[in-house]
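A.B. asks: One predicted model, sequence on top.
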Amino acid sequence: MESTVIQPAFAADKVSLFKVITSKDEIVIGMTDDELARLEGNNAGGIAKMLVAKGSMSVWQYAVRKAPTGDLEQAPLRQVGLIASESLRVEPYASPLKIVPIGDGKK
């Protein structure tokens, strides 16, 4: 199975969040504008098309954490692999929290 790896981005890159839903669970992933620009469709549909075409891809999983200031924020948790599946759905995810860029996630 061929795999596409989405590389970590520089801190200045804006991150868009998406919810990936399967029959078992759901996770939130983040992709930079640069990563999205390389996909056909530049949106959730582009991610779905990439998964169908390549079979799998690596992305950053995002989760809520507490910032040093005490505020909640969406931050990169770990890199995960997504595998194409019939029960998979990808949709935009809107968060009222600050979104931490991928390069800043380990602070």
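C.D. replies: Received the coordinates, thanks.
A.B. asks: and the residue lying closest to residue 15 once chain neighbours are set aside, what does it touch?
C.D. replies: Leaving aside its chain neighbours, residue 15 sits nearest to residue 30 (4.3 Å; criterion: Cβ to Cβ, 6 or more residues apart in numbering). Every residue, glycine included, has its C-beta placed from N, CA and C. Counting by Cβ atoms under 8 Å, 6 or more residues apart in numbering, residue 30 touches 15-18, 59-60, 62, 74, 76, 99, 102.
A.B. asks: If we use 7 Å, what do you get?
C.D. replies: The contact partners of residue 30, by Cβ atoms under 7 Å, 6 or more residues apart in numbering, come to 15-17, 60, 62, 76, 99, 102.
A.B. asks: mind putting those in CSV, neighbour count, distance to residue 39 and pLDDT included?
C.D. replies: Shown next, in CSV, are the contacts of residue 30 (neighbours: other Cβ atoms under 10 Å; distance: Cβ to Cβ, whole Å; pLDDT from 0 to 100):
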residue, neighbour count, distance to residue 39, pLDDT
15, 24, 14, 93
16, 18, 11, 94
17, 16, 15, 96
60, 22, 15, 95
62, 28, 18, 97
76, 24, 19, 96
99, 17, 19, 93
102, 25, 16, 86
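A.B. asks: Tell me the one of those nearest residue 82?
C.D. replies: Nearest to residue 82 among the contacts of residue 30 is residue 60, at 11.0 Å by Cβ to Cβ.
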